[in-house]
Structures are given as C-alpha cells and as structure tokens.
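K.L.:
please work out how this folds:
(one chain, ligands or ions: 1)
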Amino acid sequence: MTRTKTLSASLPALDHPDPQTLASEVLMALKYRVGKDTTVATPYDWLTASIKVVRDRIIDHWISATKETYEQQEKRVYYLSLEFLIGRLMRDAFSNLDIMDPMREALASLGVDLDEIATLEPDAALGNGGLGRLAACFMESMATVDVPAHGYGIRYANGMFRQEIQDGWQVELPETWLDHGNSWEFERRERSFEVGFGGSVESVTAKDGRLERHVWKPLEHVLAVAYDTPVVGWKAKRVNTLRLWSGMPVDPILLDKFNAGDHIGALAESNKADALSRVLYPADSHKAGQELRLRQEYFFSTASLQDIVQRHLSQYGELASLPDKAAIHLNDTHPAVAVPELMRLLMDVHGMDFSQAWDITKRTFAYTNHTLLPEALESWPVPLFERLLPRHMQIVYAINAEVLQEARSSNRFSGDQIAAISLIQENGDRRVRMGNLAFVGSHSINGVSALHTELMKQTVFADLHRLYPDRINNKTNGITPRRWLIQCNPGLTALARQAIGDRFLDDIEAIKELDRFAGDAAFRDKFAAVKRANKTRLANLVADRLGIRVDPSALFDIQIKRIHEYKRQLLNILEAVALYDQIRSHPEKDWTPRVKFFGGKAAPSYHNAKLIIKLANDVAKVVNGDPAVRGLLKVVFVPNYNVSAAEIMMPAADLSEQISTAGMEASGTGNMKFALNGALTIGTLDGANVEMKEHVGDDNIFIFGLKADEVAERRRGDYQPRAIIEALPELAQAISAISSGVFSPHDPDRYRDLMNGLYDSDWFMVAADFDAYAATQREVDAVWNDRADWNARAIRNVARMGWFSSDRTIRQYAKEIWNVPV
Ligand code: 26V
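P.N.:
Below is the predicted model:
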C-alpha cells in the first residue's frame, strides 16, 4: 500500500544569506579549512573555500533528512550503478540552495570571479555516457522529489579518459580528477566491509547429518571503504547520499606480510585492492569481458548489500521486512551479481532457506535495461565466474533450476525457448547471462523509452517475458531541468521567468505556458538574442581552443555523444562531404551557412569509432581550408566532450542530430537536453525521439528514415547497399572521395575498408537512410531561412519538453516500481 507523504515539518527551511554573511563564511573557510589567508590564496584555494561553505550549508539539511527517514521508518531506495557521470557540483549546489547571486556578489567583494573558479572544479567523469549521466540526473531528481535514496558506486581514481586530438587522432590520457583532493566527499573509514574472492565452499552439517548451511571460504580479501558525497535537490528539499567505494588492503600496512619478509607479496596485495577502484572501464557497449571488470562488479555489489543489510538490521532487527523498507535498483546488469549475493547473505549468513530468500530477493530488486546491442549484453564464462565466486555459481545454478522448473511445468515452452530462458548459455563456451539473472531476480524490469521497451519484449527477453508477463514495464528517461536548463542556460531561464513567472522552476511542466509566445514577434526576437549569445560563447571557445573561426549567425548543427557506428556520425559526415561537393560545384546557388559540430569519445579498442573521429577531423581540415567554400560550411570536432562541454554546447545548438539506426538507441537523453534548450531535432524514429515527436508535434521536429521494423525487415531480407549507393550519385561521390584519399592525401587508403564496409554489408543502414537524411537537411535549410518560423518552432520545443524531466521519470519509478510515496 502506498502511503502519501507527510509534511516534512522537521526539515530546515531554506535560508537566504546575504552576500556579507557568505563572504565572511568564505573567509573563515579559507583560513580554517584551507589554512591560507587572502594574500597567498590561489584561485583553487578560493574554489575549495567556496565548496566548503556550500557543503556546510548542505550538511544541515542532510542530517535532518537522514534523521527524518529513520524516525518515520520511510522506505529507502538504493540505486546501484557502476557509473555516475556527475560532472561539476558547485554550481548545482549554489543553484539548488538558491544562493547563486549572493555567492557571486560575496566572491566579487573578495576580488574573486565565481565563473572563473567554477571552471577549476574537476569534472567528475565516473561514467561513459548516457547510462552514467542518467544515474546522476536521477540522484538529483530523487533529492528534489523527496525520495530517500542512496546511490552506490565505485570511487574510481581515474574516471573516463581525457581525450586529446593529435593530428586528428584520438589519444587517451588519464583523467586524474582527485589530484587536488575532493572537497565534496567525506571519507568513512568506519564504514568498510570485507570483500572476498576465490577460495572454496564448505558445507556445514548438523548433528543428524543434515546439510545445515554453506560457508564460502574466500582466498583473497580486500576492504571496501565508503566515501560519501551529499546530493542536494532543488531548494534543498532533501539531501541524499552518493556512497562510492574505494578498495583497500584488509590490513592497510600489511604488517604480517612485511614482517614475514614478503615485501613483494605485501605490495601485490595492496595493488590488487587498489586496482578495484583504479579505473572506469571506458568501453561503452563494446566488449570488455575482463576479469577485473567482474571483480569490480562484485566488489561494489557486495559492499553495498552488506551496508544495506546492516542498516536494515540495526533499525528493524530482522530481514523479512527488507522488501517493505528497501528497494534496490540495478542500473543495467553491471550489479546483477547482487542477486546471488543477497541470496548468499540471506541464506549463508542469516540462515534463511532458499524459498524465503528467493521471495525476499525478488521483491527487493528491480532492473533497468539500457541497451539491446548484443555485444553489450553482459555474460561471463562459467569457469571464470566459478573461480572468482564459487558460492555464487552454486546459487546461480539453484536459481536456474527453480526458474527452469517453473518454465517446464507450464508446458508452454519448447526446448529452444527453455534454452533462451536459462541463466546459462550453453552453445559455444558456457556463460552466465547477467541479463537473465537480473531479470529473474527482479519484480520489475524496465526499458528506457516506449519503443525500446516494446523491442525488449519482442527480442532479448521474449521468452522470459512470456514466462513472467507482468514484469516488463516502461520508464521513459528524463533529464534534470536544474542542470540542463536553469544552470546551463541562464539567459533562456531569465527570459522564461519574465514571460511566465517562476512556477516552472519548481514544476518544469509549467514551462508549457511559453507555448503561446511562439506567435509573439517581440518574444521571438528576445529568444533569438539569447540563442545568439549562447552561440557566440561557443564560437569564442572554439576560436580560442582550436583556432577555428565560426560565424554565430550560421546554423549550428551539433552531434555530441559517444562515437559508435549505430549512432551514425558517419551518416552526418557523408552528408557534409556531399554538401561540400555541391557547394563547390554550384557556387551560384544560395547555400545556407552551416557549422557542423562533432564531439565524443571512442572506446580505445573500437577501431572504426576511432577512424570516424579521424575522418571528421580530416574532413574538417579540407573543408575549413577551402576558399571555394566561402565559409558556407565549417566542420568542427570539439575534443574531450564531457558534461562541462555539454553544458556549453546544448544551449548553443540550432539543430540537434539524433540519427541512430532505428531500433538501436535505447532512449537517448542528449536529444532531450538540446530540445529543452531550443534546438530543433533532426532524427530517426528511434528511442525517445518517438515520444519527443508526440510531445513537440510533427511540425516541430524533422523525422526521416527507416523505422525500427523496417530496419529489421531489411536485415532479414537481402539488403543491397551497393545498389542503393550506385543509384545515388551524391552519396557515391562522397564515398569515393573519402575512399580514394581526397581527405587523407598522405595516406590514401586510410578509409578504404571503412567505405568498403558500406558497400558490402552496411549493418547500420547508412546507405538506406542517406537520401532521406540529405533531403531532410535541405528542408531544415528552408525552415531556417524563414527565421520567424524557425524561432517559433524552437520556442515550442522548449515549451513542450517539460514532460522529459527526470522528476517525472523518478515519480513513475517511485509509484510503479519502488512503492515509495511521492
Ligand atoms: C556496457 C559496457 C560493456 C562493456 C564494459 C563497459 C560498458 C559500459 C557501459 C555499457 C552499457 C552501455 C549502455 C548505455 O549507456 N546505454 C545508454 O543508456 C542511456 C540511458 O538509458 C540511453 O539514453 C542510451 O540510449 C543508451 O545507449
């Protein structure tokens, strides 16, 4: 039964300190926390002092929220994720505490520029892309809509790599975000748990010879130590905790080994513990499959579960009520090993029998799937799994027996279907399927857009869905409007406040009141001026950093996201090359000035993705340097795309590129950020684009290309990309120019294989969609040239995107999955 939320009477109200108060707090922090005075303080010291001031203010709210949750015996949500792509936090905190303006003034009175020190804050990149950023938006929204929650993850010393572009190629450098320490976090040495690996399983028998329980005797032990970061919601309604685990040797000084003279052994142990939280795996849906990755998954899953179980026991004294007081969410399959781990804790440590433990486990867990790409569906070789986690392997077998028995006894499944339901993949090498494990261990399995959820039912989980038809549900992704509008686009926020008042700040769906201003010429001009200022800021950055001049009055066309073949940056580049060719051969025509921006990282092992980055850079060099283009087309690859870069680029876009092969992008969230900031989308009917079209209206989005079912049908039939290419002279010429070395004269064969791939198989249907894409781009030009119409459409996008707030998404999770009041 859902209880409605009681009023949070004990929570402190937001106070509104004046600049003088804040200035004196900053000076105190500088002196007593940083240990400096104003004469020697560096900009970094000012940053540290400012963070300490805002953190102190957050702590009051943090402690009272935690206390209230305890006293009211509220159900808690635990969000387990190997990634939290949180970016910088200081502005978020100022803005959510509503002290941005007085803080700016306070710092100015001390001769410090807030914007300048803000850029010194390291961008915490503990994630690869969409999945990790979603976890960060969710943390902020859970605090905002007042859901008591803990995020659990790993405190990687090295997050996502820093990308440099050298001679057009991606070079990966370590990101050392903790170099200056981390002013946000609290180390909780006392909150540490032992994590075991390897060893064997012993059975304990009772006097009558009956098997009593299993005891896992691991061979290796490490410690997981907690580091807590407070996460503050809008107007500090609630402050939640992001708890990240760091690996440490069980005996930090390794005294025994050292004393025994085993110095190398001591060092090895320390390195092993360290390795667990050393580095984020940088592969975004590209096979990792390393032993260390499985170790990381188990390390953070068991530490989090031990923490959760301990908290529950200390409050309630028993574990039967766990599902009523704790909802544990699995962000993709990365923490799926938590399913057998909870079973182990309940059975082996707390003495429950299998069926009670299984019932509790299923009622506690829920799982979100974020991709259907076969290469991203995790599975582990049975021998590896068994060696690292022998007891978990037994439990997986026991769960499998239970599930397969259920399936068989229903008499509704063929042998092949039973094999598809099994937790163990039997063809080829035997592997543990983490998706199936997460599915059977959860009461709810959700996709991240309507289309993706339907495809889940039809493809990867078709048979499991038939066995458990009430489990799969949809929760379309969302983004936090605090970071992705209020903070990153102060110009648009101020304009909207002038027009419709402040209600949308508290309830972003109220931004729909802007809709009627689409027809107001004066408002459109103001809207255009804001966009122009945001574009100028990006243009200046590109000029400073890359030495490329771009004209802010040109159409800014932006594709920023991980580089992956299914996202089809190549389609965009091919269209750019075709356009380049047209501009050169038809100088008499009235071309629309356009700047095509690209940004994104490629997995270091993903050859084609890295080649696509090089191609974008090679094309940029030729196009930008060709006087015959007369500045009508520019191509810019922005290096090291991350959250901070997104915050500048999203507000500066006129056109958002969301052009994945239909059926392959689970949702997308960048698509939402662009539209909320007033860009029009050119996109396929994929992921959340489908629902964006429904919300913004057909006239305010440019949709083209094959639909998901058409892609599937072509793949089943005989798709002939060669015939398509040969029938499209513009495409054929673009491909042949790239293939023959026009953009790589010193290495003419560089792109030969990449281009041959389009002729030979073209799995991502670039050829099939090219013509529709290019034609739609010319439609984009036409609308752009009627600026009043363009701006009206852009305003409607802003007005109609409120639904895509992660507040809405989180409320749905809370009501429909977690059963917590909101
Ligand atoms: C998979 C792997 C496998 C190898 C090791 C490293 C690694 C890291 C991440 C992943 C999963 C990638 C899945 C992902 O990021 N999916 C994205 O999730 C977004 C949030 O739901 C969604 O908007 C994007 O469409 C989807 O691609």
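
K.L.:
hang on, isn't Leu731 packed against Asp771?
P.N.:
Yes - Leu731 lies in contact with Asp771 (CB atoms under 8 Å); the separation is 7.3 Å. No exception for glycine: its C-beta is placed from N, CA and C like everyone else's.

K.L.:
show me which of these two is the more surrounded one.
P.N.:
Higher neighbour count among Leu731 and Asp771: Leu731, with 23 against 16, using other CB atoms under 10 Å.

K.L.:
for the more buried one, give its distance to Trp62.
P.N.:
Distance from Leu731 to Trp62, counting by CB to CB, to the nearest Å: 57 Å.

K.L.:
what does Leu292 give?
P.N.:
Distance from Leu292 to Trp62, by CB to CB: 33 Å.

K.L.:
now swap in Gly663 and tell me
P.N.:
43 Å.

K.L.:
again, but for Phe637
P.N.:
41 Å.

K.L.:
which parts of stretch 422-431 are buried?
P.N.:
Neighbour-count burial for stretch 422-431, with 16 or more other CB atoms under 10 Å as criterion, is recorded at 422-425, 431.

K.L.:
chain center to it, what's the gap?
P.N.:
Counting by CA atoms, centre = their mean, to the nearest Å, stretch 422-431 is centred 30 Å from the centre of its parent chain.

K.L.:
pLDDT of that stretch, averaged?
P.N.:
Confidence for stretch 422-431, expressed as mean pLDDT, is 95.

K.L.:
could I have that stretch exported to CSV, CA atoms only?
P.N.:
What follows is stretch 422-431 as a C-alpha-only set of coordinates in CSV (Å, rounded to 0.1, in the frame of the first residue of the first chain):
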residue,chain,number,x,y,z
SER,A,422,18.3,-20.4,-18.9
LEU,A,423,20.8,-18.3,-16.9
ILE,A,424,23.5,-20.3,-18.6
GLN,A,425,24.3,-20.0,-22.3
GLU,A,426,25.1,-23.5,-23.4
ASN,A,427,26.1,-23.1,-27.1
GLY,A,428,29.8,-22.5,-27.5
ASP,A,429,31.6,-21.8,-24.3
ARG,A,430,29.3,-21.9,-21.2
ARG,A,431,28.5,-18.4,-19.9
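
K.L.:
ok, and what's touching it?
P.N.:
379-383, 396-397, 399-400, 403-404, 419, 432-433, 436-437, 440 (CB atoms under 8 Å, 6 or more residues apart in numbering).

K.L.:
surely Leu120 meets Thr42?
P.N.:
No - using CB under 8 Å, Leu120 is not in contact with Thr42; the gap is 9.3 Å.

K.L.:
coming back round to it: mind putting the buried residues of stretch 422-431 into JSON lines with distance to Gly705?
P.N.:
Converted to JSON lines, the buried residues of stretch 422-431 look like this (distance: CB to CB, whole Å):
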{"residue": "Ser422", "distance to Gly705": "37"}
{"residue": "Leu423", "distance to Gly705": "37"}
{"residue": "Ile424", "distance to Gly705": "38"}
{"residue": "Gln425", "distance to Gly705": "33"}
{"residue": "Arg431", "distance to Gly705": "35"}
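
K.L.:
quick one: which of these is nearest Glu175?
P.N.:
Glu175 has its nearest neighbour among the buried residues of stretch 422-431 in Arg431, at 31.7 Å by CB to CB.

K.L.:
the closest one and Asp769, how far apart?
P.N.:
Arg431 is 34 Å from Asp769, by CB to CB.

K.L.:
can you check Gly87 too?
P.N.:
Relative to Asp769, and taking CB to CB, Gly87 is found at 33 Å.

K.L.:
how about Asp284?
P.N.:
Distance from Asp284 to Asp769, by CB to CB: 22 Å.

K.L.:
centroid-wise, who is the farthest residue in this protein?
P.N.:
Distance from the centre of the chain peaks at Asp208, with 53.5 Å (CA atoms, centre = their mean).

K.L.:
quick check: that one vs the ligand, distance?
P.N.:
To the ligand, Asp208 is 48 Å away according to CB to the nearest ligand atom, to the nearest Å.

K.L.:
what's the answer for Pro593, then?
P.N.:
For Pro593, the distance to the ligand - CB to the nearest ligand atom - is 31 Å.

K.L.:
that residue: how many residues sit nearby?
P.N.:
Pro593: 16 neighbours (other CB under 10 Å).

K.L.:
how about the contacts made by the closest residue to it other than its chain neighbours?
P.N.:
Nearest residue to Pro593, sequence neighbours excluded (CB to CB, 6 or more residues apart in numbering): Ala554, at 3.8 Å. By CB under 8 Å, 6+ apart, the contact list for Ala554 reads 593-595, 634.

K.L.:
thinking again about what came up before, please identify which of Gly663 and Trp62 sits among more neighbours.
P.N.:
Neighbour comparison, Gly663 and Trp62: the larger count goes to Gly663, with 25 against 22 (by other CB under 10 Å).

K.L.:
list the residues that contact the more buried one.
P.N.:
Gly663 neighbours (CB under 8 Å, 6+ apart): 372, 451, 455, 686, 708, 711-712.

K.L.:
which ones among these lie within helices?
P.N.:
451, 455, 708, 711-712 (DSSP state H).

K.L.:
select only the buried ones of these in PyMOL?
P.N.:
Buried residues among the ones in helices among the contacts of Gly663 (16+ other CB under 10 Å), as a PyMOL selection:
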select buried, resi 451+455+708+711+712
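
K.L.:
and which of the ones in helices among the contacts of Gly663 is nearest the ligand?
P.N.:
Comparing the ones in helices among the contacts of Gly663 against the ligand with CB to the nearest ligand atom places Leu451 closest, at 10.7 Å.

K.L.:
what sits against the nearest residue to that closest one once chain neighbours are set aside?
P.N.:
Once flanking residues are discounted, Leu451 sits nearest to Val690: 5.1 Å by CB to CB, 6+ apart. Contacts of Val690 were listed using CB under 8 Å, 6+ apart, and they are 449-451.

K.L.:
next: Trp46.
P.N.:
26, 30, 107, 110, 112, 117.

K.L.:
just those: which are in helices?
P.N.:
Per DSSP H, the contacts of Trp46 map to helices at 26, 107, 117.

K.L.:
give me the pLDDT value at the nearest residue to the last one once chain neighbours are set aside.
P.N.:
In space, and not counting its chain neighbours, Ile117 is closest to Leu47: 4.3 Å by CB to CB, 6+ apart. The pLDDT attached to Leu47 in the predicted structure is 98.

K.L.:
shouldn't Leu47 be within a strand?
P.N.:
No - assessed by DSSP: H, G, I helix; E, B strand; the rest coil, Leu47 does not belong to a strand; its assignment is helix.

K.L.:
just give me the neighbour total for the closest residue to the ligand within the stretch 451-600 of the chain.
P.N.:
The nearest approach of the stretch 451-600 of the chain to the ligand comes at Asn477, 5.1 Å away (CB to the nearest ligand atom). Neighbour count for Asn477, taken as other CB under 10 Å: 28.
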